[in-house]
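*Asks:* My questions concern the predicted model and sequence given below.
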Amino acid sequence: MRFMMMVRATKDSEAGVMPADDSLMAAMTKYNEEMAKAGILLEGAGLQPSSKGTRIRFSGGKATIVEWPFAEPRELIAGYWLIQVKSKEEAIDWARRCPAPFGAEKEGEIELRQLLELEDFEPSPAIDDLRRLENELAKKK
C-alpha cells in the first residue's frame with residue numbers, strides 16, 4: 001500500500017521562510033534515514049510556496065490558468081513523503097514518529113492519504129493500457 005504523507009503549509013512556509021533551526025533539519029534527516037533503512041521511503045520533498053506555482057482549473061472542457069494567491073495556507077501543501085507500507089496502521093505509526101514539521105514550538109499538520117492503485121479499478125481495456133504503461137515506466141527506472 002502506498003500512502004502520501006502531506007505536510008500542510010503555514011503562513012511562514014507560504015512566505016518562503018526556511019527552517020532556521022539546525023536541530024529540526026537534523027531530526028528530519030534522521031527521520032528520512034529511518035524510513036529509508038526500513039525500506040518504506042519512495043520519495044519526499046519540500047515544495048516552493050504557492051506564489052511560485054500555477055493552478056490549471058478545468059470547467060466545461062476548458063483549461064484556465066489560475067495564478068497565485070490561492071487558498072488559506074492550511075489548505076495548501078508545503079511538502080510530502082511517498083511511502084510504501086503494509087497497512088494504514090503502519091502509515092499512521094510512521095506519520096506519528098515524524099518530528100513536528102515546523103518545530104516543536106509551532107503548529108503543524110500532516111495529512112495521510114492512500115494512493116489509488118490500478119487494482120482498485122474494475123478491469124477494462126483502459127486499465128490494461130495503464131498497467132502496460134506502468135510496467136514500461138518501471139523497466140526504465
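*Replies:* Thanks, I have it.

*Asks:* need the contact list for the spatially most central residue of the chain.
*Replies:* The residue lying closest to the centre of the chain (CA atoms, centre = their mean) is residue 80, at 2.9 Å. Counting by CB atoms under 8 Å, 6 or more residues apart in numbering, residue 80 touches 4-7, 44-45, 47. Every C-beta, even on glycine, is put in place using the N, C-alpha and C of the backbone.

*Asks:* okay if I get these as JSON lines plus pLDDT, distance to residue 129 and neighbour count?
*Replies:* Converted to JSON lines, the contacts of residue 80 look like this (pLDDT from 0 to 100; distance: CB to CB, whole Å; neighbours: other CB atoms under 10 Å):
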{"residue": "4", "pLDDT": "98", "distance to residue 129": "24", "neighbour count": "18"}
{"residue": "5", "pLDDT": "98", "distance to residue 129": "30", "neighbour count": "21"}
{"residue": "6", "pLDDT": "97", "distance to residue 129": "29", "neighbour count": "20"}
{"residue": "7", "pLDDT": "95", "distance to residue 129": "34", "neighbour count": "21"}
{"residue": "44", "pLDDT": "96", "distance to residue 129": "30", "neighbour count": "18"}
{"residue": "45", "pLDDT": "95", "distance to residue 129": "29", "neighbour count": "8"}
{"residue": "47", "pLDDT": "94", "distance to residue 129": "31", "neighbour count": "16"}
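
*Asks:* re the thing from before, let me know the pLDDT of the residue nearest to the centre of the chain.
*Replies:* With respect to pLDDT, residue 80 has a value of 97.

*Asks:* Quick check: what element follows the host helix or strand of it along the chain?
*Replies:* Secondary structure assignment for residue 80, by DSSP states H and E: strand 77-84. Heading C-terminal from strand 77-84, the first helix or strand you meet, by DSSP H and E, is helix 88-97.

*Asks:* what packs against that following helix?
*Replies:* Helix 88-97 sits against strand 2-8, helix 22-38, strand 110-114, with contacts defined as 3 or more CB pairs under 8 Å, 6 or more residues apart in numbering; DSSP states H and E.
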